[in-house]
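> attaching a predicted model along with its sequence, questions to come.
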Amino acid sequence: MKYAAGRLLHAVFLLFGVSILSFLFSAMAPGDYFSELRLDPRVSPETIAGLRAQYGLDRPLPVRYAAWLTSAAKGDFGYSLAYHGPVGPLLRERMRGTLLLTVTATLLAWLLAIPVGIWNAAGRGTWRDSAASLTLSVLLSVPDLLLALGFLMFAVETRWFPIGGMRSPGWESLGAAERVRDVAWHMALPVALLAMGMLPVLIRHVRASMVEVMDSPFALNARAHGIPRARLFYRHLLPAALNPLISLFGFSLGTLLSASLLIEVVMGWPGLGPLFLEAIMARDFALVLAVVMMSATFLVTGNLVADLLLYRADPRIRVR
Amino acid sequence: MPMPTEPSAALLNILGLTKVYGQRTAVRDVNLQLGRGQTLGLVGPSGSGKSTLARCLTFFEEPTSGEIWFEGRNLWGLDGRERRRMRAEIQIIFQEPASSLNPRFTATDIVAEPLLIQQRGDRKERWERAVSLMETVGLPRDAAGKRAHEFSGGERQRLAIARALVLDPKLLILDEPFTGLDQALESQICGLLKQLRQRLGLTMILITHDLGLAAEMAGEIAVMEGGSVVEHASPAELFANPRQASTRALLEATLALAWKQS
Amino acid sequence: MRDHRSLGWWLAFLGLFHGAILLAGFLAPYHFAEQHRDYPFAPPTRIHFWDQHSHFHLRPHIYGLEPDLAAGAYREDRSRAYPLHFFLPVKPGDAAGLLPLDRRLFGVEAPAVIFLLGSDGYGRDEFSRVLYGGQVSLLTGLAASFLSLGLGLVLGLAAGFWGGWADQILMRTGELFLALPWLYLLLAARAFLPLNIDPVQAFLLLVAIIGTVGWVRPARLIRGVVLSGRERGFVLAARGFGASGGYLVRRHILPMTFSVVLTQATVLIPQYILAEVTLSFLGLGIAEPVPSWGNMLAEARQYHILASHVWMLAPGLATLPILLAYLRVADRLQQNATP
């Protein structure tokens, strides 16, 4: 319990630190949402100054930060100049999109990686091992961007999957099962992309952990007892190999979120990614800040969960 | 405690040296004297404070209290520059020859390093001195370019000795110099040390748990236990009349070893 | 031993690839901005050794292009053959890129065009642009890696060697950097800087951002090496001779970091190349008219273009061999480090 409280406090401090730094940088950034307006000769400097004052952009930094914090506590996260409204609702909607995508893809990837990794580990030392290793390397070197463009091409050619969006028009009038099916259909390509991006690394790590466990005394013992192969791997060896895999989950979260950003943008999936990009282009710093905090929260929380899982799973850490 | 030499001729004078680490007292009120050209054997089981004492003498640890006088100067009262010069006078050879030499360095690099650090001589002079010392310790001249990891354990210890001598130290401290070396090598290096001692007039402190070795090399032996010096006598006296239980235990260990080997 | 041999092959391949990109000025038949408005989205030119009378010629030739409006594509105009010329002199003002040379490897007489990888919407040769674009993308990756490693080395050495509060500050700051997913961090850094900048500024900015943002992992690894290194026997011995901190770092500790720096380089370079490609693709990196693999792929993003003009994916495909090669080299180095 003490450990959990300590880690939680640490996470909160970290997020505070991120918010302060980001706020500082956004304040120091040259230009703002009204930069475009400034270029327009018809708009007078007074108008711009007035607009800035209206949105509180001319107040001293600590005041603005405090205001932002209170807004965040209320769930508003400041005011989006580009969307003319509080950032909060925008964020929530897109956050759901990203969560849906990443969670589904992660589950899919792990579900696939574990059996494949085990199969790979079982076949080590044979020629198929080196073939598999090379294949995985090749797959690893394919950048997500290229894969996404390829999938896009595939979608356009075959017209089997919709391109962009989470729902078809008229989604509200569908029945519950139909609704789910519609979203799943829209989600299929992005999820497949994200999962495929994760698979090579996961398979490699599952294989490595399994191999390590396979060589341990207790595994050899179990084999000597004549336990059948499948059971041996899944019920005896896999639990022992879990720890490094939990750590891996923590490490790969950052890459997962980054990959998700790119895929959302390319495939037109309404998640945090496209929102972020728009905010940057429009120099809508309130929105930029909010997305930054959201992504940091996801990552820090995910790592926290992984830490706690690891703590529970590995008694050795507790001794410290 | 018998004082084997007159105080005025003493090279090294340790007075009331104490070193405390938090709760643990590693060295407790130690008084020792060492005259020029003499060899002191510092004997005791592990954890008796021998290595800590050595570290206090070589500026690695600062004593909690007490004084160390070397050639009439208070070691721990020196400023930075003087301390640096004093470092050249007192040299130590560490326990494991392998780890105290940078495996990537060549033999001459290693032996000449103290000269480089103390900025003595130019490249050529340093190289010459290094090679000549290598020969002194019995290493062939053509091994000069070999890397440290290519030498055997015994050869590495010779390199460490050569390196320790390159600055012409007055006092040489050897901390368990024969760990990991077999009996034959041990006697070889012992012989080398005796030669060097005679040629260069070295004053030595030999730290070991082997009483027999100390008896062989040293003119007097100080037995340490639990941070204090519990007995201090010549080897002959010690063997004839061991006063402390710990001394007796050490003696038995040594004799048992000698018995096994005969 | 087998490992060392395959490492050699991959390194040779990397050298060859980088060399080819460096020699873009020689290998590319056209300047990267040269437009041929008559031939937008032309497919890759077919090279012939046998003419229409089935005679073999050692010197290959191509045919002119005729737009075929019915098929919405192009047709070969077999009325006239244009032979390939080699070692052509470069027209004045046409030299471009990192190593402007005065000869081109190959080309054809106007008005024929040779598009080895097809052309884009403005009729610009994709092959030339992939080469020149490669210079931008690879250079960004290499320069940013250099920056990251340099920063990581300095900071890791400082934190590991002097410890204390310097170490604490470093670790805490590093945590802040790692609190954001790397692409979000990169984009956020980019967001707070001016958007409309010229290509040279953009390049420097990208290198600065990508390089600075990635200092944490190298710094931590180096710090680890330094922490264990400074306790080694020979370091303590050197201290005993009166060595200063600077000497110890320079002579003993720095060489310990070399293998870590090398393996990190092979890991970072491909990541940073991809970072540039991603940023430019999203419109936040290098912009027209300077090509980079990223901004070239952005053109391919309009999927109706992509479907009918597959060669637009060429800059993306160009990343595959180089990423694979770096990956294999990194793997081998890792294997060799841990016997």
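Done, it's in. Numbers count the residues shown, from 1 in each chain, chains lettered A, B, ... in the order given.
> can you tell me the element the residue of chain B found nearest chain C falls in?
Residue nearest to chain C within chain B (Cβ to the nearest Cβ): B:Ser99, separated by 3.4 Å. The way it works is simple: take the backbone N, C-alpha and C, and place the C-beta from them, glycine included. In the assignment (DSSP states H and E), B:Ser99 maps to helix B:97-100.
> right, and the helix or strand after that helix?
helix B:107-117.
> near chain C at all, that next one?
Yes: if you take Cβ under 8 Å from any Cβ of the partner chain as the test, helix B:107-117 does meet chain C, through B:113-114, B:117.
> kindly report the same for stretch B:141-150.
No: for stretch B:141-150, no contact with chain C is found by Cβ under 8 Å from any Cβ; the gap never falls below 8.6 Å.
> now do that stretch: distance from first to last residue.
Separation of the first and last residues of stretch B:141-150 by Cα to Cα, to the nearest Å is 15 Å.
> can you list the residues of helix B:107-117 next to chain C in JSON lines and add neighbour count and pLDDT?
Converted to JSON lines, these look like this (neighbours: other Cβ atoms under 10 Å in any protein chain shown; pLDDT from 0 to 100):
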{"residue": "B:Glu113", "neighbour count": "25", "pLDDT": "93"}
{"residue": "B:Pro114", "neighbour count": "26", "pLDDT": "92"}
{"residue": "B:Ile117", "neighbour count": "22", "pLDDT": "91"}
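> the longest helix along chain A - what's its average pLDDT?
With secondary structure taken from DSSP state H, chain A has its longest helix at helix A:176-214. Helix A:176-214 shows a mean pLDDT of 87.
> go on, stretch C:84-93?
Here stretch C:84-93 scores 82 as its mean pLDDT.
> what does stretch C:33-48 give?
Average pLDDT, stretch C:33-48: 87.
> pLDDT weak spots in the chain?
Defaulting to chain A. A:35-37, A:232-233, A:236, A:314-320 (pLDDT under 70).
> that's the wrong chain, I wanted chain C
Ranges of chain C meeting pLDDT under 70: C:1-5, C:69-72, C:303, C:338-339.
> nearest residue to the middle of it?
C:Leu138 (2.0 Å; Cα atoms, centre = their mean).
> so C:Phe87 sits against C:Leu105, correct?
Yes: if you go by Cβ atoms under 8 Å, C:Phe87 and C:Leu105 touch, sitting 7.0 Å apart.
> those two: who's more crowded?
Using other Cβ atoms under 10 Å in any protein chain shown as the criterion, C:Phe87 and C:Leu105 rank with C:Leu105 on top: 16 against 10.
> could you give the number of residues near the residue nearest to C:Ala337 when sequence neighbours are not counted?
Closest residue to C:Ala337 apart from its sequence neighbours, by Cβ to Cβ, 6 or more residues apart in numbering or on different chains: C:Ser259 at 6.1 Å. If you count neighbours by other Cβ under 10 Å, C:Ser259 ends up with 13.
> so what does the longest helix of chain A touch, helix or strand wise?
Judged by 3 or more Cβ pairs under 8 Å, 6 or more residues apart in numbering or on different chains; DSSP states H and E, the packing partners of helix A:176-214 are helix A:87-122, helix A:127-141, helix A:144-158, helix A:238-267.
> that helix vs helix A:144-158, what angle?
Here helix A:176-214 runs at an angle of 140 degrees relative to helix A:144-158 (axes from the mean of the first three to the mean of the last three Cα atoms, to 10 degrees).
> the residue of the stretch 51-200 of chain A found nearest chain B and chain C, how far apart?
Going by Cβ to the nearest Cβ, chain B is nearest to A:Gly125 of the stretch 51-200 of chain A, at 31.7 Å. To chain C, A:Gly125 is 14 Å away according to Cβ to the nearest Cβ, to the nearest Å.
> now that residue, what's its secondary structure?
Using DSSP: H, G, I helix; E, B strand; the rest coil, the structure places A:Gly125 in coil.
> quick one, phi/psi of it?
Dihedral angles of A:Gly125 (phi, psi; degrees, to the nearest 10) stand at phi 90, psi -20.
> from C:Ile269, how far out is A:Ser216?
Distance of A:Ser216 to C:Ile269, computed by Cβ to Cβ, to the nearest Å: 36 Å.
> thinking again about what came up before, surely the residue nearest to C:Ala337 is in a helix?
Yes: using three-state DSSP, the assignment for C:Ser259 is a helix.
> surely it meets C:Thr266?
No: counting by Cβ under 8 Å, C:Thr266 is not a contact partner of C:Ser259; they are 11.2 Å apart.
> between these two, what contacts are shared?
C:Leu333 (Cβ atoms under 8 Å, 6 or more residues apart in numbering or on different chains).
> one step back: and the next helix or strand past the longest helix of chain A?
The C-terminal neighbour of helix A:176-214 among helices and strands, as given by DSSP H and E, is helix A:217-224.
> what's the angle from that next one to helix A:176-214?
Going by the same axes, to 10 degrees, helix A:217-224 makes 100 degrees with helix A:176-214.
> tell me which element the residue of the stretch 151-262 of chain B found nearest chain A is part of?
Chain A sits closest to B:Gly180 of the stretch 151-262 of chain B, with a gap of 29.9 Å, by Cβ to the nearest Cβ. Counting by DSSP H and E, there is no helix or strand that carries B:Gly180.
> isn't it right next to B:Glu96, touching?
Yes: counting by Cβ under 8 Å, B:Gly180 touches B:Glu96, with 6.8 Å between them.
> write out the residues of the stretch 201-339 of chain C neighbouring chain B.
Near chain B, when you scan the stretch 201-339 of chain C using Cβ under 8 Å from any Cβ, you find C:232-234, C:236-243, C:247, C:252, C:255.
> the residue of chain B closest to chain C: neighbour count?
Using other Cβ under 10 Å, B:Ser99 is surrounded by 17 other residues.
> just the one 5 residues further on next, same as before
Here the number of neighbours of B:Arg104 (other Cβ under 10 Å) works out to 13.
> against B:Arg141, how distant is it?
In this view, B:Arg104 and B:Arg141 are 21 Å apart by Cβ to Cβ.
> got it, and C:Leu23?
50 Å.
> which ones are touching residue 65?
In the absence of a named chain, chain A is used. Residues near A:Tyr65 by Cβ under 8 Å, 6+ apart: A:20, A:23.
> my question was about chain C, not that one.
C:39, C:42, C:45, C:74-77, C:112-113.
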